[in-house]
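A.B. asks: compute the structure for the input listed below.
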Amino acid sequence: MYDAPRPDRPPAYQLNPLRVRRAWLKVAFVLVSGGLLLAVIAAFSGAGLGGTITQVALEAAWWIMLARCLRSEEEELDPSRPWWQATYRPTASFAITAYFAFGVAFSTINFMPLAAHLPMDDVLGFAIRVIVNVLLGLFYLHSAVRLKIRELRRRADGAGR
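C.D. replies: From the prediction side, this is the model:
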């Protein structure tokens, strides 16, 4: 029942700085933090452009927090990742990049026919949301490319021996 640390098995989490490794803890962390985020964001709905900017800033902070706190089972808890590394594996970063790309594409396709009939604050809020999501997607893409390059270099170094 109690998941006591063993010398051959690293801890499931660390509190300072916060790091989460086990899959079930990651799911719980995302659900709880995402639920709190949605509750706070709901408080800012209908608050105009300032509320939209606050919502987008909170969402971006949440994605960055996930990148900093969620770790692979194979990854060390300390030291911190390099600033550019969002995930442990390039595949995960590519998948999150695809999530942002599809989200931006589909929301833009659905929003454009309505843009002419909406107040300017809504259009600006949408533009800000798209720009931030593109930047987050580029952050994860940058991470994926650098992780893939690092992986290929390690393979080449190992094959050359």
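A.B. asks: please make it C-alpha for all contacts and neighbour counts, starting now.
C.D. replies: Will do.
A.B. asks: what comes up buried for stretch 33-44?
C.D. replies: 37, 41, 44 (16 or more other CA atoms under 10 Å).
A.B. asks: tell me the predicted confidence for the first one.
C.D. replies: Per-residue confidence at residue 37 stands at 94 (pLDDT).
A.B. asks: now do the contacts for the residue nearest to the spatial centre of the chain.
C.D. replies: With distances taken as CA atoms, centre = their mean, the residue of the chain nearest its centroid is residue 63 (3.3 Å). Listed by CA atoms under 8 Å, 6 or more residues apart in numbering, the contact set of residue 63 is empty.
A.B. asks: gap between it and residue 112?
C.D. replies: 26 Å (CA to CA, to the nearest Å).
A.B. asks: quick one on the thing from earlier: now, which of the buried residues of stretch 33-44 sits nearest residue 73?
C.D. replies: Checking the buried residues of stretch 33-44 against residue 73 by CA to CA gives residue 37 as the nearest, at 25.7 Å.
A.B. asks: name the helix or strand for the residue nearest to the centre of the chain, please.
C.D. replies: helix 48-69 (DSSP states H and E).
A.B. asks: buried ones in that helix?
C.D. replies: Buried-residue list, helix 48-69, by 16+ other CA under 10 Å: 49, 51-56, 58-60, 62, 66-69.
A.B. asks: tell me, how many residues neighbour residue 95?
C.D. replies: Neighbour count for residue 95, taken as other CA atoms under 10 Å: 15.
A.B. asks: so what's it scoring on pLDDT?
C.D. replies: On pLDDT, residue 95 comes in at 97.
A.B. asks: quick check: it vs residue 48, distance?
C.D. replies: 32 Å.
A.B. asks: helices of this protein, start to end?
C.D. replies: For the chain, the helices defined by DSSP state H occupy 23-43, 48-69, 90-115, 120-159.
A.B. asks: what angle sits between the second one and helix 120-159?
C.D. replies: What separates the directions of helix 48-69 and helix 120-159 is an angle of 10 degrees, with axes from the mean of the first three to the mean of the last three CA atoms, to 10 degrees.
A.B. asks: okay, the angle between helix 48-69 and helix 23-43?
C.D. replies: Using the same axes, to 10 degrees, helix 48-69 lies at 170 degrees relative to helix 23-43.
A.B. asks: how far does helix 48-69 sit from the chain's center?
C.D. replies: 10 Å (CA atoms, centre = their mean, to the nearest Å).
A.B. asks: low-confidence ranges in this structure?
C.D. replies: Low-confidence segments of the chain (pLDDT under 70): 1-9, 159-161.
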